[in-house]
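**Student:** please work out how this folds:
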Amino acid sequence: MRKQLDIFSGDEPAEAGGRKGSKAPRKKRVGPSRGREVKKAPMIVDSYTPESPVPGRNELPHIHTISEITERIKNHLEAEFVDVWVTGEVTDFRGRKGPHMYFALKDEKSRISAIIFGANGRLPFELVDGQKLICRGRLNVYEPKGAYSLIVDPAHCEPEGIGALKLAFEQLKKKLAAEGLFDPARKRPIPYLPRRIGIVTAPQGAAIRDLIHVLTRRFPNIEILLHPARVQGEGAGAEIAAAIEAMNLIPDIDVLIVGRGGGSMEDLWCFNEEVVARAIAASKIPVISAVGHEIDFTIADFVADLRAATPSAAAELAVPVRDDLARAIGETRGRLAQGLRRLVERKYLELKRIEGRMADPTRRFPDLIQRVDGLRQRMIYSLNVKAKSLEQNLSKLSSNLEHLSPLGVLAKGYAVIEGPDGLAVRDSSKLNLGDSLGLRFHKGSASAKVTKIQ
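**Tutor:** Model prediction:
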């Protein structure tokens with residue numbers, strides 16, 4: 001039984017069986033009075049007793065807590081909207097900073113918060129504000145804030161009016177093109193005659209069989225190295241990128257073929273992943289992309305050094321036909337031998353023509369011998385004349401030298417007097433009495449002593 005108590009009015013509770021509304025005597029107010037009594041706000045206290053309610057008596061409303069209301073709303077909404085499709089425009093997208101995406105969807109009148117949990121690697125395209133989406137999900141009420149939001153399933157979220165994979169393809173293509181990964185200037189030529197070919201594809205399937213068949217048919221002794229990798233499904237792109245990096249660590253691989261057979265866009269999607277594109281761009285080995293059929297284009301095709309329409313076409317582009325090459329070498333050797341024969345014959349005929357115009361050189365030998373003899377005689381005569389002229393000049397110079405020689409003067413009776421220092425004496429004042437002198441004659445010498453100076 002619920003009892004209603006007014007704890008501020010001073011009224012006593014009614015006794016059992018007493019008259020409803022009976023009042024206790026009112027106490028007199030102490031203090032100044034303004035002519036009317038001041039009433040306080042009543043407080044209603046609900047108390048529960050196991051007694052049955054009195055018929056006809058009104059029940060008080062149940063007072064809910066916030067948690068109770070939120071829980072009832074949560075249970076109702078989450079049970080009612082467990083699988084719902086919505087369309088709206090993306091707004092307030094916070095970016096892919098963690099594993100989850102937080103944004104809102106809006107239309108002309110309303111908006112709703114949206115979350116994609118674990119979006120990394122599961123949403124193929126990039127979210128941007130202003131993008132219109134069609135999403136499948138369920139409603140969720142976050143009790144601490146009393147707010148509801150849409151939990152979006154990334155497998156059922158795509159742009160309105162364009163496929164999710166198509167948009168992701170165009171977004172990545174634009175991004176890599178801006179970085180220059182599609183620039184023809186960075187593409188390398190494929191070697192004409194590779195000795196070792198690397199292949200990255202699935203070990204089972206038509207692609208590897210076609211590649212091996214065409215390669216060995218065109219060049220039977222070509223060396224082929226296969227690095228197996230999944231080419232479809234989640235995680236296939238990372239395996240392909242790792243296989244390309246591993247192939248670059250193996251020496252003497254001249255060309256690398258990366259690809260698979262045909263399929264839907266979803267089947268070929270791993271060749272549109274950024275990790276595969278960057279692995280191809282970073283490869284030191286020239287890469288041939290061989291994905292799908294001729295009408296299929298992937299990001300790998302744009303980044304690779306050469307795009308092949310099919311795996312079989314890639315094998316044809318990688319190596320020439322050995323028999324055709326041997327035949328071409330034989331034809332070239334034959335043309336070369338024939339050209340050499342023609343050249344020798346032409347030079348032989350030219351020599352014969354020149355020989356016909358020339359006289360017998362031995363007929364000129366007597367004249368040449370006589371001419372040589374005449375030149376020899378003239379040379380001998382000139383040498384004799386020159387020798388006599390030089391001899392005469394030498395005699396004349398010797399005569400002049402003898403005429404100027406001091407010995408010639410001494411021969412006339414003169415003598416050279418040398419002082420104590422061995423030098424010629426030209427002034428008697430330089431001498432002292434008793435100095436020893438040397439006398440040099442034309443023939444012989446003598447010593448003397450100074451006894452008188454004048």
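**Student:** after the helix or strand where residue 174 lies, next one along is what?
**Tutor:** Remark: residue 174 resides in helix 164-178, with elements defined by DSSP states H and E. Next helix or strand after helix 164-178 toward the C-terminus (DSSP H and E): strand 196-201.
**Student:** can you map out the helices along the stretch 51-200 of the chain?
**Tutor:** For the stretch 51-200 of the chain, the helices defined by DSSP state H, counting those that start in this stretch occupy 66-80, 164-178.
**Student:** for the first one, name the packing helices and strands.
**Tutor:** The reference is to helix 66-80. strand 132-142 (3 or more CB pairs under 8 Å, 6 or more residues apart in numbering; DSSP states H and E). In this view, the C-beta of every residue, glycine as well, is placed from N, C-alpha and C.
**Student:** so which residues make contact with the strand it packs on?
**Tutor:** 70, 73-74, 77-78, 80-90, 105, 114-115, 147-153, 156-161 (CB atoms under 8 Å, 6 or more residues apart in numbering).
**Student:** rewinding a little: any idea which of the helices of the stretch 51-200 of the chain is most buried?
**Tutor:** For the helices of the stretch 51-200 of the chain, the largest average neighbour count (mean count of other CB atoms under 10 Å) is found in helix 164-178, namely a mean of 16.
**Student:** quick one: the strands in this structure?
**Tutor:** For the chain, strands defined by DSSP state E occupy the ranges 84-91, 101-106, 111-116, 132-142, 147-159, 196-201, 223-228, 255-260, 287-291, 306-308, 416-418, 436-440, 445-449.
**Student:** mind giving me the domain ranges of the protein?
**Tutor:** 66-169, 186-320, 406-454 (automatic domain parsing).
**Student:** in the protein, what helix or strand scores lowest on average pLDDT?
**Tutor:** helix 406-410 (a mean of 67; mean pLDDT, DSSP states H and E).
**Student:** ok, the spatially closest residue to residue 139 that is not a sequence neighbour to residue 132 distance?
**Tutor:** Leaving aside its sequence neighbours, residue 139 sits nearest to residue 81 (CB to CB, 6 or more residues apart in numbering; 3.9 Å). In this structure, residue 81 and residue 132 are 21 Å apart, going by CB to CB, to the nearest Å.
**Student:** hmm, back to that, residue 179 is nearest to which of the strands of the chain?
**Tutor:** Among these, the nearest to residue 179 by CB to CB is strand 287-291 (17.2 Å).
**Student:** and the closest one with strand 255-260, angle?
**Tutor:** 20 degrees (axes from the mean of the first three to the mean of the last three CA atoms, to 10 degrees).
**Student:** from the chain's centroid, how far away is strand 287-291?
**Tutor:** 19 Å (CA atoms, centre = their mean, to the nearest Å).
**Student:** low-confidence ranges in the stretch 351-454 of the chain?
**Tutor:** By pLDDT under 70, the weakly predicted segments of the stretch 351-454 of the chain are 405-411, 413.
**Student:** can you read off the backbone torsions of the residue nearest to residue 139?
**Tutor:** phi -110, psi 60 (degrees, to the nearest 10).
**Student:** what does the pLDDT read for it?
**Tutor:** Residue 81 carries a pLDDT value of 87.
**Student:** number of residues surrounding it?
**Tutor:** For residue 81, the neighbour count with other CB atoms under 10 Å is 15.
**Student:** do the same with residue 301
**Tutor:** Count around residue 301 with other CB under 10 Å applied: 22.
**Student:** shouldn't it be in contact with residue 307?
**Tutor:** Yes. With contacts counted by CB atoms under 8 Å, residue 301 reaches residue 307, the gap being 4.2 Å.
**Student:** spit out the residues that contact these two alike.
**Tutor:** In contact with both residue 301 and residue 307: residue 289, using CB under 8 Å, 6+ apart.
**Student:** just to revisit the earlier point, to residue 98, which of the helices of the stretch 51-200 of the chain lies closest?
**Tutor:** helix 164-178 (20.1 Å).
**Student:** which residues touch the closest one?
**Tutor:** Under CB under 8 Å, 6+ apart, the answer for helix 164-178 is 123-126, 157-159, 182, 265-266, 269, 272, 274, 277, 299, 302-303.
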